[in-house]
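**Student:** build me a model:
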Amino acid sequence: MITLNINGRDMQVDADPSTPVLWALRDNLNMTGTKFGCGAALCGACTVHLDGAPIRSCITPISAITAGQKITTIEAMEADRVGKAVQDAWVKHDVPQCGYCQSGQVMSATALLRTNKTPTDADIDNAMSGNICRCGTYQRIRAAIKDAAKTIA
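**Tutor:** Prediction:
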């Protein structure tokens with residue numbers, strides 16, 4: 001058994017240490033908000049936070065998570081001031097189309113706004129560059145991030 005702190009709670013995971021965080025979340029803990037996209041850290045659908053920084057959970061083994069580190073998933077964003085502002089802006093700007101990439105997009109946008117309260121277009125593009133949207137809603141994503149930044153200011 002491996003203990004992981006997920007969304008502020010210690011949870012026991014019965015998995016091989018080489019198991020990616022994504023599969024520990026989805027298969028062992030039934031937390032299905034984090035999505036599998038490519039399996040190679042190229043699309044961003046699997047993005048979660050590790051101590052507040054976005055990581056690709058599809059390639060990060062649970063053995064890489066050390067005692068005391070905190071994993072935050074999309075399931076915790078509604079209870080978080082910045083995450084809630086991002087989610088509200090996503091709805092306001094009709095960002096989701098198919099919705100598949102959205103949990104990763106929201107996680108990356110939230111991480112950006114935690115460290116940069118007034119991001120420029122270049123800051124947004126840089127922070128979101130690892131998140132692919134098959135539906136091409138990039139302009140709405142940028143507008144939603146700017147709107148969320150105003151909300152949390």
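**Student:** find the centremost residue of this structure, please.
**Tutor:** Note on the chain: the residue nearest the mean C-alpha position is Met107, at 2.7 Å, using Cα atoms, centre = their mean.
**Student:** so that one sits in a helix?
**Tutor:** Yes - remark: Met107 belongs to a helix, assigned using DSSP: H, G, I helix; E, B strand; the rest coil.
**Student:** so it versus Lys70, what's the distance?
**Tutor:** With the distance defined as Cβ to Cβ, to the nearest Å, Met107 ends up 14 Å from Lys70. C-beta coordinates here come from the backbone N, C-alpha and C atoms, glycine included.
**Student:** hmm, the residue nearest to the centre of the chain is touching His49, no?
**Tutor:** Yes - with contacts counted by Cβ atoms under 8 Å, Met107 reaches His49, the gap being 6.3 Å.
**Student:** can you list residues touching both of the two?
**Tutor:** Overlap of the contact sets of Met107 and His49 (by Cβ atoms under 8 Å, 6 or more residues apart in numbering) consists of 72-73.
**Student:** domain map for the chain?
**Tutor:** Taking automatic domain parsing as the criterion, the chain consists of the domains 2-75, 76-152.
**Student:** mind putting those in CSV, mean pLDDT included?
**Tutor:** What follows is the domains of the chain, written out as CSV (pLDDT from 0 to 100):
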stretch, mean pLDDT
domain 2-75, 97
domain 76-152, 96
